[in-house]
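Got a predicted model here, sequence first, then my questions.
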Amino acid sequence: MSNSIGMKSGNSQSGKRNTEKANRQWLWISIAPAVIFLAALTIFPIFNLIGLSVHAVEWEGGKAVYDYVGMRNFKDLFAQDPVFWVGVKNTIVFAVCAVTFQMLLGFSMALAVSRAGQVGRGILTTIFLLPIVLPPIVIGAMWRLLMGRDFGALNGIVTSLGFAPVDWLGNPSLALASVIFVDVWHWTPFVFLLILAGLESLDQEVFEAAKLDVKGFWQELKFITLPLMMPTIIITMVLRIILSFKVFDEIYLLTSGGPGTATEVVNFTIYRVFFGQDRVGAGSAMSIVTLVGLVLLITFSQVIMRRFRKGASV
Amino acid sequence: MKHETLKKSVRTTAFIAASIAALAVPAYADGDQPDISIVINQSPWLDSFISVVDRYEEETGNKIELDVTPFGGLLEKIRNSVRADVGTYDIVNVNALWLTEIYAGGFLSPLTDIRDGYTLAEGVLDYGATTHWNHETNSFDTSADLMGIPLNGNVQVLYYRSDLYEEAGLSAPTTWDELAANAAALHEPPSTYGFVPRAARNAVVYNFTPYLYSQGGSVFEDPASGNFNVTINSPEALTALETYLHLTSEVAPENPGAIAQGELIQLLATGKAAQAIAVIGAWGNLENPDKSAVVGLINAALIPSGPGGSASAAGHWVGGIPNNISDERQEAAMAFLDWFVSQDVQIGYVEAGGVPIRGDLAETSIGSDDRFRFIEAYGQNAANAVMALPLKEGAQVSDALALRLNQAVIGEISATDALNAMAADTLKILTDAGYEVTSLSDL
């Protein structure tokens, strides 16, 4: 009896193992296409970039000649490339300023829309979302025309008020601020959209219950809305910081990195070296350094988010 | 029933076979050459080139397909085609800035390899020998291989407002001092700027070249002989930069460091610029009543001279035939290029708004036509055109020079510091690339 029970138990365990094995196999088979796809489109280019970064690539007789140079491209970058590091500094300034303004404005706009009536909400949402649906090339051309020194509409207003025209894009002290302004105009609707979705998903019962304890809009904002919205705010901010570090089109279209190095950003330097100068090795080294910087930033932001979630759950 | 099916099957097979055969045989249309394709930039003179292509198709029956691409993406398209095993394009339209990279990379067939003994026809300009490449010295050299045919001669000329000159009793300047004096006489900002430079970072090297060479300066000692010793921080270069900075700070708009080609042409077309050194390719727009407020009021002249004579910067385009296409396609491309350079075709090209690639059109019917009053000045400037950076590292050196020149224009550094930094940066680029070169002592 005990034997037969033992056999039954053995059979059932072996059957369970077979099922688990089959499940595992099926799991691997089902995710294999996605893994291969990801590897082909994401991981392979990164390894290719790493490979290129330790080479100097020349073209002779119509054929590419790869000359292994070890870490020379990286050494040159850290020791002798002032333009790249100015670009790093400008990119950080750009990201911090642009994201700060976008978060403040986007949050305020989302709050306004969430409290507006049905008609007002539709109108405001349409107006606020307009910049994000315009293609970057249109935005660049439009703002270049608006900010032109001699013929720009902004200076038309400035001079009609009796002031001297402002050199929005040609003054080294103003150019980066002007580009940041355009980026804020362009991307604030993105923040607005995510924050609005977050606000509308909040449990209204919490607000009802809190009415006894909090007085007025500011207290509600400080003690109820902001704490509840913090995960959405952090995710939105991280997304915007990552996207801000990728800025290229606005710089390319508005200032081409000038005047001087006033609006030089990392991606524009990489573009110039990689494509303009055709120095594939040096451009790859710059890309790797930028990639590592971004990975560190993302890791850091994830640590902060995890800590916040831990704190929130306690 | 079976018989019907068999007939149907035979018909289908025959149709497929005929289709495959039709695809396999090169397309010759009605002419004696296979169809060819040209990759070319979107530009103000594109319509004139299209009219010439239409005429070629009409006269010969041969077909040409144009792949029109914005300037920003053209180099990548050219690279992708010439670096592939089999090229997409039969003629690549290469800007002067990219010639060294494309020539030195070995992507083009010397034209003599396609047609034995072929040379540039008399009267066709070579824009500072840029149609020839010496693979030994890695530089332009008229005695070396002929690599391409110019398709557009977009050199710089001096533009001036003839009506304002007449009112002020001025004449076209022949020296830089005269240019500055004319500019001072006409400078009434913000309605009129005496002189407008093109000193944005991405344009300033090209714009500064005439100043540098007319003062007897240069970036390299003797590139044609392969001597790339760095000479950009010479006393002559300092005089040139000081002349340039005087114009940009005294008689120009307040934002010279942000003026690129678009802004410059806009200031000319709206009548705000009294004088400028700009590409001749802008002429068509300035004479177009839909785009210009100064139609008939603009004239062109030889760029002012210094101790080194007058100089213009080459910004032309050269049509090259890649190695990686079939012999038949190379011959068809050659047939078009050879047809294109004839004087008769070039007159038609100018009449359609194009910039010619011949220097002998002033003596033809269009030389006395007021609509084309730029022709004489164009021919003179084109004959003086120089390539300041005739080496394959040209783009890298250009970026280094551009940064320092632009910083000098916006007042971040002095002329002396700019030139010394340019020399140091250039020396480093060349030394890293394996050149054995020296530079002058700091100014």
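Structure's in. What do you need? Since the model is a prediction, treat every value here as computed from it, not as a measurement.

so how many other residues sit close to residue A:186?
20 (other CB atoms under 10 Å in any protein chain shown). Quick note: C-beta positions are derived from backbone N, CA and C, even for glycine.

That one contacts residue A:131, correct?
Yes - look at residue A:186 against residue A:131 with CB atoms under 8 Å: they come within range, at 5.2 Å.

shared neighbours, these two?
Each of residue A:139 lies in contact with both residue A:186 and residue A:131 under the rule CB atoms under 8 Å, 6 or more residues apart in numbering or on different chains.

ok, which residues in the stretch 1-150 of chain A are in contact with chain B?
Contact residues, the stretch 1-150 of chain A versus chain B (CB under 8 Å from any CB of the partner chain): A:59, A:60, A:61, A:62, A:63, A:64, A:76, A:80, A:83, A:148, A:149, A:150.

Which of those residues scores worst on pLDDT?
Scanning those for pLDDT, the low point is residue A:80. It has 75.

Spatially nearest residue to that residue, not counting backbone neighbours?
residue B:428 (7.2 Å; CB to CB, 6 or more residues apart in numbering or on different chains).

Tell me which residue is most central in chain A.
Nearest residue to the geometric centre of chain A (CA atoms, centre = their mean): residue A:243, 1.9 Å.

Same check on chain B?
residue B:316 (1.9 Å).

Which helix in chain A has the most residues?
helix A:2-38 (DSSP state H).

any idea of the mean pLDDT in it?
Rounded mean pLDDT across helix A:2-38 is 78.

and the next helix or strand after that helix, C-alpha only, in PDB?
The helix or strand immediately downstream of helix A:2-38 is helix A:44-53, counting by DSSP states H and E. Taking Å, rounded to 0.1, in the frame of the first residue of the first chain, the C-alpha atoms of helix A:44-53 are listed here in PDB:
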ATOM      1  CA  PHE A  44      24.300  44.600 -31.000                       C
ATOM      2  CA  PRO A  45      24.600  48.300 -31.900                       C
ATOM      3  CA  ILE A  46      25.900  49.000 -28.400                       C
ATOM      4  CA  PHE A  47      28.600  46.300 -28.700                       C
ATOM      5  CA  ASN A  48      29.300  47.600 -32.200                       C
ATOM      6  CA  LEU A  49      29.700  51.100 -30.800                       C
ATOM      7  CA  ILE A  50      32.100  49.800 -28.100                       C
ATOM      8  CA  GLY A  51      34.100  48.000 -30.900                       C
ATOM      9  CA  LEU A  52      34.300  51.200 -33.000                       C
ATOM     10  CA  SER A  53      35.300  53.300 -30.000                       C
END
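
got the contact list for stretch A:53-65?
A:66-74, A:279-281, A:284-285, A:287-288, B:82-83, B:101, B:104-107, B:323-324.

Now list the buried members of these.
Buried by 16 or more other CB atoms under 10 Å in any protein chain shown: A:69, A:72-74, A:279-281, A:284-285, A:287-288, B:82-83, B:101, B:104-107, B:323-324, out of those.

Restricted to strands, list those residues.
Among the buried ones among the contacts of stretch A:53-65, no member is found in strands (DSSP state E).

coming back round to it: test my guess that the residue nearest to the centre of chain A contacts residue A:187.
Yes - counting by CB under 8 Å, residue A:243 touches residue A:187, with 7.2 Å between them.

residue boundaries of the strands in the stretch 101-250 of chain B?
For the stretch 101-250 of chain B, strands defined by DSSP state E, counting those that start in this stretch occupy the ranges B:132-134, B:139-140, B:145-146, B:148-152, B:156-161, B:220-222, B:227-230.

Next: chain A.
So, for chain A - with DSSP E - the strands run A:55-60, A:63-68.

Relative to the last one, what are the paired strands and their orientations?
Partner strands and pairing direction for strand A:63-68 (DSSP bridges) are strand A:55-60 (antiparallel).

Extract the CA atoms of the strand it pairs with and return them as PDB.
These are the backbone C-alpha positions of strand A:55-60, laid out as PDB (Å, rounded to 0.1, in the frame of the first residue of the first chain):
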ATOM      1  CA  HIS A  55      39.400  51.900 -33.500                       C
ATOM      2  CA  ALA A  56      40.300  54.600 -36.000                       C
ATOM      3  CA  VAL A  57      38.400  54.000 -39.200                       C
ATOM      4  CA  GLU A  58      39.900  55.300 -42.500                       C
ATOM      5  CA  TRP A  59      38.700  54.700 -46.000                       C
ATOM      6  CA  GLU A  60      41.300  53.800 -48.600                       C
END
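
Give me the distance between the residue in chain A that chain B sits nearest to and residue A:153.
The minimum distance from chain A to chain B, using CB to the nearest CB, falls at residue A:170 (2.8 Å). According to CB to CB, to the nearest Å, residue A:170 and residue A:153 sit 16 Å apart.

how about the strands of the stretch 101-250 of chain B, which one is nearest residue B:204?
Comparing these by their distance to residue B:204 (CB to CB), the top pick is strand B:156-161, with 12.7 Å.

contacts for the closest one?
B:172-173, B:179, B:182, B:186, B:206-207, B:209-210, B:268, B:271, B:273-280, B:282, B:286, B:294, B:297-304, B:312-313, B:315, B:374, B:377-378, B:381.

now stretch A:168-185
Counting by CB under 8 Å, 6+ apart, A:90, A:93-94, A:97-98, A:101-102, A:105, A:131, A:139, A:143-144, A:147-149, A:152, A:154-155, A:166-167, A:244, A:247, A:250-251, A:254-255, A:258-260, A:262-263, B:255, B:257-259, B:410, B:412 sit against stretch A:168-185.

Where helices are concerned, which of these count?
Per DSSP H, those map to helices at A:90, A:93-94, A:97-98, A:101-102, A:105, A:131, A:139, A:143-144, A:154-155, A:244, A:250-251, A:254.

Any idea which residue of the stretch 251-400 of chain B lies closest to chain A?
residue B:258 (2.8 Å).

Mind pulling up the pLDDT for that residue?
93.

And the residue lying closest to it once chain neighbours are set aside, its phi and psi?
Excluding its sequence neighbours, the residue lying closest to residue B:258 (CB to CB, 6+ apart) is residue A:170, at 2.8 Å. Torsion angles at residue A:170 (phi, psi; degrees, to the nearest 10) stand at phi -100, psi -10.

Next one: residue A:170 from residue B:66, what distance?
Distance of residue A:170 to residue B:66, computed by CB to CB: 36 Å.

Counting neighbours, go ahead and name the busier of these two.
Per other CB under 10 Å, whichever of residue A:170 and residue B:66 has more neighbours is residue A:170, with 26 against 15.

Would you mind measuring from that one to residue B:252?
From residue A:170 to residue B:252 the distance is 12 Å (CB to CB).

show me the contacts for residue B:275.
B:158, B:159, B:160, B:161, B:179, B:182, B:183, B:186, B:194, B:195, B:196.

Identify, from these, the entry nearest to residue B:238.
residue B:179 (18.5 Å).

Go ahead and confirm that closest one touches residue B:302.
No - using CB under 8 Å, residue B:179 is not in contact with residue B:302, being 11.3 Å away.
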